[in-house]
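1. The following block contains a protein sequence and its predicted model.
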Amino acid sequence: MSRENKKKKFDKGYFQKHPCLDPFTCRVCGRSVVPEGAGTDHRNHCPYCLSSLHVDETPGDRRSKCHGVMDPIAVWVRKNNEWALIHRCRICGKLSSNRIAADDHPMKLMALALRPFAGEGFSREGLARMSRHMDVRDEGRP
């Protein structure tokens, strides 16, 4: 890559408009991460451990001075029924939301989704009651 093209990469907003196709090594699990298979042009977390780095203040700006590891702490469902990860920075505590990628580890995603049910607030009996309640169907409907 020429020096001029390298400089363009670090111009403000470059990653907001251009795909990030650079492979990287995850700082948490040490695995090599490539953009192929993500289903998006903006790979921003490890598909194996779901960790990320705090490099942006706003998506794609690469302006953060923190560069701390961002741990996946939860998943949520956006208005369009798309799942997204919630990350929290280990250093500064910033929260951010990232779309899941096509090749993210499905069991890690499910473990995050079910984490609230593992706490003290939910008993087996309470979960069973909720499940029974959710299975009740209106009369006349199959």
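-> Okay, I see it.

2. where does this protein dip in pLDDT?
-> 1-20, 37-42, 120-122, 135-142 (pLDDT under 70).

3. ok so residue 113 is a helix residue?
-> Yes. Under DSSP: H, G, I helix; E, B strand; the rest coil, residue 113 sits within a helix.

4. any idea how far residue 100 is from it?
-> The gap separating residue 113 from residue 100 is 11 Å, by Cβ to Cβ, to the nearest Å. In this view, the C-beta of every residue, glycine as well, is placed from N, C-alpha and C.

5. Overlap of the contact sets of the two?
-> Common neighbours of residue 113 and residue 100, counting by Cβ atoms under 8 Å, 6 or more residues apart in numbering, are residue 75.

6. Those two - which one has more neighbours?
-> A direct count of neighbours by other Cβ atoms under 10 Å for residue 113 and residue 100 places residue 100 higher, at 21 against 14.

7. who's in contact with the nearest residue to the more buried one once chain neighbours are set aside?
-> Closest residue to residue 100 apart from its sequence neighbours, by Cβ to Cβ, 6 or more residues apart in numbering: residue 83 at 4.7 Å. Residues in contact with residue 83 (Cβ under 8 Å, 6+ apart) are 75-77, 99-100, 109.

8. Nice, that's everything, thank you.
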